[in-house]
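1. Just the structure for this:
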Amino acid sequence: AEQTQEIRHALESEKKARMELEKLNDAKDQFIMITQHHLRTPVTSVIWGLESSLKGEYGKLTNDLRTMLTDLLASGKRLMKIVDDFLNITAIPEGPPLLHLSSMRLKPAIEDILAELKPEIQERNISVHMPTDDVEWPSLPVDHDKIRESLFIVMENAVRYNQQNGTVDIAARTDNDMFELAVKNTGIGITREEAGKIGSSLFYRGEGARQNHPIGMGIGLSVVKAIIKAHHGTFSIESSGKGEGATVTVRLPLK
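-> A predicted model of the protein is given here:
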């Protein structure tokens, strides 16, 4: 009778905890949808203003100003894409994202991403090294937009959580039927416990990340992991500890 009572009590506690988690998950989804809605309007206004300026509606532009506005417009459109991708987060628990596969080499996408991150790279005086031989970058069957967004998140983290005068080393290789991309930085590093949680728990951020960039939400690598998994690939993050940098490894099928 005592054992039965204990089991009944444990089941009730588990049921209550599960209901609380479901409520928390619903609140998270509502927060994301509300945030997406409120961000879309100002971002749309910024994009409209930049496009109007580039058309010369507010006066003649110098070449330097046109270049600057073009770069800002590209960043604005990417921000709109991120706002839209907020909805992907609510879909992660329900299943893999819908993919539109076609052949793609990752090298041009990474070069484009590094150009977009150039202001922050220069500000922090970070050295970036990556293979330039096209042989090391085979074509992969991937969803272009989703893979590019994943690569941007990985590269942005490698820069954002790096140290001043640090380095980012990008390695590419093929291993049997898989392509492996490793992005290593000399940044704040993480503990083994944090490595196990990052990318696996939505809104989880390591202690160093919270101190280094307080406004982050801890969703980026979770999105990366979900997208790579949908491609039948794998995602991992490793570090020797705090202050020792970190390495993100993405593996994708060659066929």
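
2. Name all residues that make contact with residue 138.
-> 105, 174, 179, 254 (C-beta atoms under 8 Å, 6 or more residues apart in numbering). Glycine gets a C-beta too; all of them are placed from N, C-alpha and C.

3. The residues you listed in strands, which ones?
-> Within those, residues falling in strands by DSSP state E are 174, 179.

4. Name the member of the contacts of residue 138 with the most neighbours.
-> Ranked by the number of neighbours (other C-beta atoms under 10 Å), those place residue 179 first, at 21 neighbours.

5. mind checking pLDDT for the nearest residue to it once chain neighbours are set aside?
-> Nearest in space to residue 179, with sequence neighbours left out and distances taken as C-beta to C-beta, 6 or more residues apart in numbering, is residue 252 at 5.1 Å. As predicted, residue 252 sits at a pLDDT of 96.

6. Can you tell me the SS state at residue 252?
-> With DSSP: H, G, I helix; E, B strand; the rest coil as the basis, residue 252 sits in strand.

7. In this structure it contacts residue 228, no?
-> Yes: the criterion here is C-beta atoms under 8 Å, and residue 252 meets it with residue 228 at 7.0 Å.

8. where in the stretch 101-250 of the chain is pLDDT low?
-> Within the stretch 101-250 of the chain, the segments meeting pLDDT under 70 span 195-219.

9. which stretches of it form helices?
-> Ranges of helices within the stretch 101-250 of the chain are 106-116, 118-123, 144-160, 192-197, 207-212, 220-230, based on DSSP state H, counting those that start in this stretch.

10. Pull the contacting residues for the nearest residue to residue 250 once chain neighbours are set aside.
-> Nearest non-adjacent residue to residue 250, counting by C-beta to C-beta, 6+ apart: residue 181, 4.8 Å away. Contact analysis of residue 181 by C-beta under 8 Å, 6+ apart lists 106, 170-172, 249-252.

11. how near is residue 181 to residue 122?
-> 24 Å (C-beta to C-beta, to the nearest Å).

12. would you list every one of the strands in the protein?
-> Going by DSSP E, the chain shows strands at 101-104, 127-129, 140-143, 167-175, 178-185, 234-238, 246-253.

13. These: which one's closest to residue 18?
-> strand 234-238 (27.4 Å; C-beta to C-beta).

14. Which strands and helices lie in contact with the helix ranked longest in the chain?
-> For the chain, the longest helix by residue count, based on DSSP state H, is helix 2-54. On a contact count with 3 or more C-beta pairs under 8 Å, 6 or more residues apart in numbering; DSSP states H and E, helix 2-54 meets helix 63-91.

15. what's the model's confidence in the helix it packs on, averaged?
-> Computed over helix 63-91, the mean pLDDT rounds to 79.

16. returning to that earlier point: same list (the contacts of residue 181) but as TSV, adding neighbour count and distance to residue 155.
-> TSV is the format used below for the contacts of residue 181 (neighbours: other C-beta atoms under 10 Å; distance: C-beta to C-beta, whole Å):
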residue	neighbour count	distance to residue 155
106	22	11
170	20	8
171	15	13
172	19	13
249	16	14
250	23	11
251	17	17
252	21	16
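
17. Can you tell me which of those residues is nearest residue 154?
-> The closest of the contacts of residue 181 to residue 154 turns out to be residue 250 (C-beta to C-beta; 7.0 Å).

18. Now do the contacts for the closest one.
-> 150, 154, 180-182, 224, 228, 233-235.

19. Can you select the buried ones from the residues you listed in ChimeraX?
-> Selection of buried members from the contacts of residue 250 for ChimeraX, criterion 16 or more other C-beta atoms under 10 Å:
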select :150,154,181,182,224,228,233,235
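
20. Now the most centrally placed residue in the chain. Nearest residue, chain neighbours left out?
-> Note on the chain: the residue nearest the mean C-alpha position is residue 153, at 2.8 Å, using C-alpha atoms, centre = their mean. Distance criterion C-beta to C-beta, 6+ apart; nearest residue to residue 153, sequence neighbours excluded, is residue 220 at 4.2 Å.
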